[in-house]
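K.L.:
Give me the fold of what follows.
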Amino acid sequence: MQQKLTENLTSRTFIGLLLAQFTATFNDQAIHMVAVFYAADMLVRYVQIKSIDDKAVVSIVTACFIAPFLLFSSYAGPLGDRFSKRSVIVFWKVAEVAMMALAFLGLSLPHFVAVDSPSLPALASWSAGLVIATVFLMGMHSTFFVPAKLGAMPEILHPSVLSRGNGMLEGTSFTAQILGTSAGGIMYSLLKGEIVDGKLHPGREWMIGALLTGLALLGTITAFLMRPMAAAAPDRPVSWNWWKPLQANLGILWRSKPLMLSVTGIAFCVFMTLFLRQTLLYQGELTKELRTARAAEARLLDKPDQEPVSSLDRFLARVLPDWLEKAAQESELRVALLFVLVGLGVGVGSIVAGYLSGHRIELGLVPVGAATIILCTFIPGIIKHAPVMFVISLFGIGCGAGFYLVPLYTLLQHRAPKDSKGNVVSASNFLNVVGGIISVAIFFAMTFAFERLVDAPVGNHEAIFKDKVLLDEYIGALEKQRQIPHLLFMSTSVMTLGALIVLVSRLPDFYLRTAIWVRARGHNPLRTIGIEHMPTNGPVLLLTNADLFPAALDLVAAVDRYPRVIFVESNGAQRTWLQRWAQHAGMISLTPIAGSPDWGHARQIGTETLQQGKMVGLTVNQPACAADIAGLIDAWRTAAPLATVLPVFCTSASGPHGRNPPGAGTSDPLVIIGPPIAPQATLPAVLAAIDSLGRAPVQ
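P.N.:
Next up is the predicted model:
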């Protein structure tokens, strides 16, 4: 059943998808938060397993979430394309109910026996294990659910609203992360039990499991709002060989520069996000341990309850409402609120990025997002006692991530082959897992090294809390250890800066695209029509009427591969800073003077670019140098006979060649890419093909 693509964001199928992914993301984040705090309390503070500390708990839970992506991504793609994506989504929403029921069982186990029962430590260990297992299962849920969700977007929405739809999808997804993260922290801080003198007094943690199970059931119902969708490739065989389908999926990415760009960029963002997530959790567990040590000191010295241990604690205690007064004293809530700030920033940034992208993929937002992340991770690294700046920085990190991710996700969805979108997304998930595993390894190695650097305490021995001298030494060591999160933030800033430098050095058009976006005051109204005619890899020759610098910029901004534009100017306008940037990025400007020596240089550059499998754009509507233009085209066809030749019409060109075609209904600039033309077509035939694009009605 072929579903018509909708040009608005109010269709029943799109709303059903939003609601289904919202509840899944909420449960995913909530159980992730609860698992970290619950496992740390049960395994580290109650059972006191010697080989496990807070750092290990953070790494184990994070690894359990990302491991399924590594194990199952190669199967998720083929299954998502062979079966209806709606069916895949509904199946995993039903499975989510069972997963939350397992978490409910795990959180209930310690309540089955009395407080003084000798079997309680064993039950507590099993309880923590079941909750961590739920995190693993939810990771498997996401492995199959996310490719179906993202792959369904271009099957639901028209390309003209795909960027805005992605902005809304990412925005609501991160809103769910905000609510799920905060709810997980708040619920656990309010419902958790207590560990007093080595004895566990269970709270009402089971209520968390009951609530998440009910929400999973509600999300399953909303998934049925989606209308039936046809399978993209119902005859595709599914291989159970783990490596073979993954190798084929990675091959699809490797052959397409736009796809490779998008998936590697997304993988780095996943790396950075997980690194920061572990940093905030580590910071929270350090604060909890310091609070516990100071409480023990107060009991030994018969002092009143201690004040909040940091300026951030005091700041949050002032701004939180009274009904959160108890929870405000718990590190779980503080960490949850910090995640909320990041998630809120991503939600806002994603929605704004979707709006600023207009009717196309705005890759110029990627460097803007990366630069924002660099700045906002650098500030917490150097400022230690400024809670307001810390809060603003976390929100800024989220906004930067939203600007960074929306264009890359849209590029991934739009340029993936129609019958392999699930495969491409699953391959992207695999690379995300690689980034996540590297993140866990680097985080563990860095924290280990920094702990040795600041002489952090090793272990949490019961004797420490009974001896004043040992306790004072322990508190002093913990105070030194609190420097480590600042070092981790600084490390994140340095790593992101390095990634941005590599990106710009390999793709100089990125900062040119950003400059074009700035020139348009943050919202370029340009529309691209016919992008599907452009191959994602291999040499391409764009023959265009772009004879003005603004038209050449429109050509660069309209496509998702960088064209080495050689444009013949209609006038000798004064050079601007943007023109100098464009020249540095590889754009060549020629004057319409026949026989000029610059034409020979342009021929050489164009030949080398096409032979490297890249793209060249050339202005062809200059009668004064028609012979030179025809010579360039013939030379390039000879040097790269397999190059795809595409006519391109830009409405921002000069004279009668720059106009909106019939049916456009707007004065906004357009770039219209026509179907390939015959390699042997003469220059008059090329000009006729370009002119016909400007005369054909816009659908």
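
K.L.:
Work out the gap between stretch 624-640 and the centre of the chain.
P.N.:
Relative to the chain's own centre, stretch 624-640 is displaced by 43 Å; criterion: Cα atoms, centre = their mean, to the nearest Å.

K.L.:
try stretch 431-449
P.N.:
Worked out by Cα atoms, centre = their mean, stretch 431-449 lies 17 Å from the chain centre.

K.L.:
What mean pLDDT does that stretch get?
P.N.:
Averaging pLDDT along stretch 431-449 yields 86.

K.L.:
now swap in stretch 178-197 and tell me
P.N.:
Rounded mean pLDDT across stretch 178-197 is 82.

K.L.:
Ok, stretch 624-634 next?
P.N.:
Rounded mean pLDDT across stretch 624-634 is 89.

K.L.:
And for stretch 289-304?
P.N.:
Here the average pLDDT along stretch 289-304 is 74.

K.L.:
same thing with stretch 143-156?
P.N.:
82.

K.L.:
cool, stretch 369-384 as well?
P.N.:
91.

K.L.:
CA-only coordinates of it, as PDB, when you get a sec.
P.N.:
Output in PDB follows, covering the C-alpha atoms of stretch 369-384 (Å, rounded to 0.1, in the frame of the first residue of the first chain):
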ATOM      1  CA  GLY A 369      26.700  23.800  16.400                       C
ATOM      2  CA  ALA A 370      30.200  22.400  16.800                       C
ATOM      3  CA  ALA A 371      31.600  25.900  17.700                       C
ATOM      4  CA  THR A 372      28.800  26.300  20.300                       C
ATOM      5  CA  ILE A 373      29.700  23.000  21.900                       C
ATOM      6  CA  ILE A 374      33.400  23.900  22.100                       C
ATOM      7  CA  LEU A 375      32.600  27.200  23.800                       C
ATOM      8  CA  CYS A 376      30.100  25.800  26.200                       C
ATOM      9  CA  THR A 377      32.300  22.800  27.300                       C
ATOM     10  CA  PHE A 378      35.300  25.100  27.700                       C
ATOM     11  CA  ILE A 379      33.500  27.400  30.200                       C
ATOM     12  CA  PRO A 380      32.700  24.600  32.800                       C
ATOM     13  CA  GLY A 381      36.300  23.500  32.400                       C
ATOM     14  CA  ILE A 382      37.800  26.700  33.600                       C
ATOM     15  CA  ILE A 383      35.000  28.100  35.900                       C
ATOM     16  CA  LYS A 384      34.600  26.200  39.100                       C
END
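
K.L.:
Pull the distance from it to the chain's centre.
P.N.:
Taking mean C-alpha positions (Cα atoms, centre = their mean), stretch 369-384 and its chain are 18 Å apart.

K.L.:
buried residues in stretch 581-590?
P.N.:
In terms of neighbour count (16 or more other Cβ atoms under 10 Å), stretch 581-590 has its buried residues at 581-582, 585-590. The way it works is simple: take the backbone N, C-alpha and C, and place the C-beta from them, glycine included.

K.L.:
mind listing which of these are in strands?
P.N.:
Among the buried residues of stretch 581-590, DSSP state E puts 588-590 in strands.

K.L.:
Between these, which sits nearest residue 285?
P.N.:
Checking these against residue 285 by Cβ to Cβ gives residue 588 as the nearest, at 56.6 Å.

K.L.:
Not including adjacent chain positions, what is the nearest residue to that closest one?
P.N.:
Closest residue to residue 588 apart from its sequence neighbours, by Cβ to Cβ, 6 or more residues apart in numbering: residue 566 at 4.6 Å.

K.L.:
The nearest residue to residue 563 once chain neighbours are set aside in helix, strand or coil?
P.N.:
Excluding the flanking residues, the one nearest residue 563 by Cβ to Cβ, 6+ apart is residue 617, at 4.0 Å. Here residue 617 is strand, with the state taken from DSSP: H, G, I helix; E, B strand; the rest coil.

K.L.:
Around residue 617, how many other residues sit close by?
P.N.:
By other Cβ atoms under 10 Å, 25 other residues sit near residue 617.

K.L.:
I'd say it and residue 544 touch.
P.N.:
Yes. With contact defined as Cβ atoms under 8 Å, residue 617 reaches residue 544; the gap is 5.8 Å.

K.L.:
what is in contact with these two at once?
P.N.:
Applying Cβ atoms under 8 Å, 6 or more residues apart in numbering, one finds that residue 617 and residue 544 are jointly contacted by 555, 567, 648.

K.L.:
circling back to that earlier point, will you turn the ones in strands among the buried residues of stretch 581-590 into a markdown table that also has distance to residue 520?
P.N.:
Shown next, in a markdown table, are those (distance: Cβ to Cβ, whole Å):
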| residue | distance to residue 520 |
| --- | --- |
| 588 | 23 |
| 589 | 21 |
| 590 | 25 |
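
K.L.:
which of those residues lies closest to residue 641?
P.N.:
residue 588 (22.8 Å).

K.L.:
so that closest one sits right up against residue 569, yeah?
P.N.:
No. Counting by Cβ under 8 Å, residue 569 is not a contact partner of residue 588; they are 10.8 Å apart.

K.L.:
And the helix or strand hosting the residue nearest to residue 588, what does it pack against?
P.N.:
Applying DSSP states H and E as the criterion places residue 566 in strand 563-568. Strand 563-568 is packed against strand 540-544, helix 549-558, strand 588-590, helix 598-611, strand 615-619, with contacts defined by 3 or more Cβ pairs under 8 Å, 6 or more residues apart in numbering; DSSP states H and E.
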